[in-house]
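Prediction below, plus the sequence it came from.
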Amino acid sequence: MSETVKVGFKLLLITAIATFALALTQMVTEEPIRAQVENAATEARQAVLADAGEFKALEVPSGRYPAILEVHEGLAGGKTVGYTFKLTGKGYGGSFAFS
């Protein structure tokens with residue numbers, strides 16, 4: 001077997017192991033990261049509407065309001081306290097989202 005084939009096989013093996021390790025890491029950390037992002041978003045909504053005990057996601061017509069990414073209704077005892085919006089805009093570095 002030539003030296004080039006040996007080196008190529010070694011590189012293939014290293015790449016396959018690294019790919020497997022990265023895929024496994026992504027599978028293991030996907031759910032905790034998603035939960036942490038959701039908790040941070042809920043804390044941000046709570047900071048805006050301190051009186052709200054829970055938040056209900058509302059559907060936004062995408063064609064009518066393209067800058068609005070998310071809308072949540074803040075509820076306290078079943079009554080509406082207010083609304084929070086997650087918007088997108090354009091800045092010097094490109095598009096960004098803000099709440």
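Cool, got the structure. Numbering: from 1, shown residues only.

Packing partners of the top strand by length along the chain?
Scanning the chain for the longest strand, with DSSP state E as the assignment, gives strand 79-91. If contacts are counted by 3 or more C-beta pairs under 8 Å, 6 or more residues apart in numbering; DSSP states H and E, strand 79-91 sits against helix 3-48, strand 68-76, strand 94-98. (Each C-beta comes from the backbone N, C-alpha and C, glycine too.)

What mean pLDDT does that strand get?
Mean pLDDT, computed over strand 79-91, is 88.

Listing partners with orientation, what would you give for that strand?
strand 68-76 (antiparallel), strand 94-98 (antiparallel) (DSSP bridges).

Quick check: which of the ones you listed has the most neighbours on average?
strand 68-76 (a mean of 17; mean count of other C-beta atoms under 10 Å).

That strand: how far from the chain's middle?
Centroid separation for strand 68-76 versus its chain: 17 Å, with C-alpha atoms, centre = their mean, to the nearest Å.

could you check the angle helix 3-48 makes with that strand?
In terms of direction (axes from the mean of the first three to the mean of the last three C-alpha atoms, to 10 degrees), strand 68-76 departs from helix 3-48 by 40 degrees.

Can you report how many residues lie near the residue nearest to R45 when sequence neighbours are not counted?
Closest residue to R45 apart from its sequence neighbours, by C-beta to C-beta, 6 or more residues apart in numbering: T84 at 4.7 Å. Neighbours of T84 under the rule other C-beta atoms under 10 Å: 19.

contacting residues for T84?
44-45, 48-49, 55, 71-72, 74, 99 (C-beta atoms under 8 Å, 6 or more residues apart in numbering).

at 10 Å what do you get?
41, 44-49, 52, 55, 70-74, 99 (C-beta atoms under 10 Å, 6 or more residues apart in numbering).

Where does pLDDT dip in this structure?
Applying pLDDT under 70 to the chain picks out residues 96, 98-99.

Of all the residues in the longest strand of the chain, which ones are buried?
81, 84-86 (16 or more other C-beta atoms under 10 Å).

Same question for stretch 38-50.
41, 45-46, 49.

And stretch 54-71, by the same measure?
Quick answer for stretch 54-71 (16+ other C-beta under 10 Å): 55, 60, 70-71.
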